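Asker: With the sequence up front, the predicted model follows.
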Amino acid sequence: MGKAPKEEHPVKAFGWAARDTSGHLSPFNFSRRATGDEDVRFKVLYCGICHSDLHSIKNDWGFSVYPMVPGHEIVGEVTEVGRKVKKVKVGDKVGVGCMVGACHACDNCNNDLENYCPKMLLTYNSVYTDGTLTYGGYSDSMVANERYIVLFPENLPLDAGAPLLCAGITVYSPLKYFGLAEPGKHVGIVGLGGLGHVGVKFAKALGAKVTVISTSPSKKDEALNQLGAHSFLVSSDQDQIQAAMGTLDGIIDTVSAVHPIAPLIGLLKSHGKLILVGAPEKPLELTVKEGLAGSGIGGMKETQEMIDFAAKHNITAEIEVIQWSM
Ligand SMILES: NC(=O)c1ccc[n+]([C@@H]2O[C@H](COP(=O)([O-])OP(=O)(O)OC[C@H]3O[C@@H](n4cnc5c(N)ncnc54)[C@H](O)[C@@H]3O)[C@@H](O)[C@H]2O)c1
Ligand SMILES: [Zn+2]
């Protein structure tokens, strides 16, 4: 048997861990590696809660390993850097998103798409190159290779900026990749949760016209008046959906559960794409395949670009801050 998590490495750490699929987290003493030559260590100040954390805690996807310290929207202040680190210095404000490693040799890695590297290592629930389990940001400290460190510009608030490290890049990347990040383009955002609401903000800041599509009529005010979307469709209202057929250049679907997608495809112009970023526990039942695409987070270069863009355009997530104490 290997060593206990609190003895594997020299640096003591404290976090909140899921031990089973119940959804409860409890205090957890573990350890993190010493700061390597290319590593950045930081004190965690805030960590976002993404729906993927909930899927993982509850083992919705079937590959959870316990004890699990979730959290992949992690921000804090640098406390130590390895001797080869160039990107940041002690005192800088930084973040880590969904990944902490990849092979750095394949075509994807060479093209700044570590997120599609077959050997990509998740911030938690992955086995790191040293054979130990990775632990996420619901903890007091973090250490990661500098390639996976995102520098936070001075004016981007750490608390409301943290969710951008996953939610932000997950919507920003497909907006750019599918040519939707342009004035004159009309983008649909399905689901107004964590990903969806920052999706509206990014699409607008990139110049697109935005329509929110939701099952909840009660979200109309938030969509139009707080987030500034141009229009709002209730997905069960056949008249509204019929009237909007063939009007959208692309749709980003952020829904976290299985739901019908055929009606959404009807909203697209010809050659428009429905881009699925939600990750329900079961695959969607597809009756139509044309016009469908998927997208998973984004590479590190693009994640830094997204954070810099957010700082320039004052884009942050709407947040509620929860304190934790030992
Ligand atoms: N592709 C990626 O790289 C990536 C990255 C982050 C999150 N995700 C996934 O995206 C999804 C959304 O994450 P989030 O943090 O925004 O979650 P969230 O819970 O904040 O938002 C989900 C939204 O979906 C809506 N919804 C839930 N069930 C629905 C249903 N049956 N029909 C219609 N709407 C429904 C909710 O009302 C909510 O508005 C999750 O599945 C998450 O795992 C994927
Ligand atoms: Zn996430």
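Answerer: Yep, it's here. Ligands and ions are numbered 1, 2, ... in the order given.

Asker: so what secondary structure elements neighbour the worst-scoring helix or strand of the chain on mean pLDDT?
Answerer: Here the helix or strand of the chain ranked lowest by mean pLDDT, DSSP states H and E is strand 292-294, holding a mean of 89. On a contact count with 3 or more Cβ pairs under 8 Å, 6 or more residues apart in numbering; DSSP states H and E, strand 292-294 meets strand 268-276. C-betas here are computed from N, CA, C, even on glycine.

Asker: So the least confident helix or strand of the chain, near ligand 1 or not?
Answerer: No. For strand 292-294, no contact with ligand 1 is found by Cβ under 6 Å from any ligand atom; the gap never falls below 7.1 Å.

Asker: Identify all contacting residues around the helix or strand following that strand.
Answerer: Sequence order places helix 300-312 as the next helix or strand after strand 292-294, per DSSP states H and E. Helix 300-312 is contacted by residues 95, 97, 99, 112, 114, 147-148, 150-153, 155-156, 161, 164-165, 168-169, 172-173, 176, 202, 205, 297-298, 315-316 when judged by Cβ atoms under 8 Å, 6 or more residues apart in numbering.

Asker: Only the buried residues of the least confident helix or strand of the chain, if you could.
Answerer: Judged by neighbour count using 16 or more other Cβ atoms under 10 Å, the buried positions of strand 292-294 are residue 292.

Asker: same deal with stretch 260-276?
Answerer: Neighbour-count burial for stretch 260-276 [16+ other Cβ under 10 Å]: 261, 264-265, 267-268, 272-276.

Asker: what's the answer for stretch 203-216, then?
Answerer: 203-206, 208-214.

Asker: what does the stretch 201-326 of the chain have sitting close to ligand 1?
Answerer: Checking the stretch 201-326 of the chain against ligand 1 by Cβ under 6 Å from any ligand atom, the hits are 215, 254-257, 259, 277-280, 295-297.

Asker: Only the buried subset of these, as a ChimeraX command please.
Answerer: Buried subset of these, written as a ChimeraX selection, criterion 16+ other Cβ under 10 Å:
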select :254,255,256,259,277,278,279,280,295,297
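
Asker: Could you export the residues of the stretch 201-326 of the chain next to ligand 1 to JSON lines, including columns for pLDDT?
Answerer: Shown next, in JSON lines, are those (pLDDT from 0 to 100):
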{"residue": "215", "pLDDT": "96"}
{"residue": "254", "pLDDT": "97"}
{"residue": "255", "pLDDT": "96"}
{"residue": "256", "pLDDT": "94"}
{"residue": "257", "pLDDT": "94"}
{"residue": "259", "pLDDT": "92"}
{"residue": "277", "pLDDT": "95"}
{"residue": "278", "pLDDT": "92"}
{"residue": "279", "pLDDT": "87"}
{"residue": "280", "pLDDT": "83"}
{"residue": "295", "pLDDT": "90"}
{"residue": "296", "pLDDT": "92"}
{"residue": "297", "pLDDT": "94"}
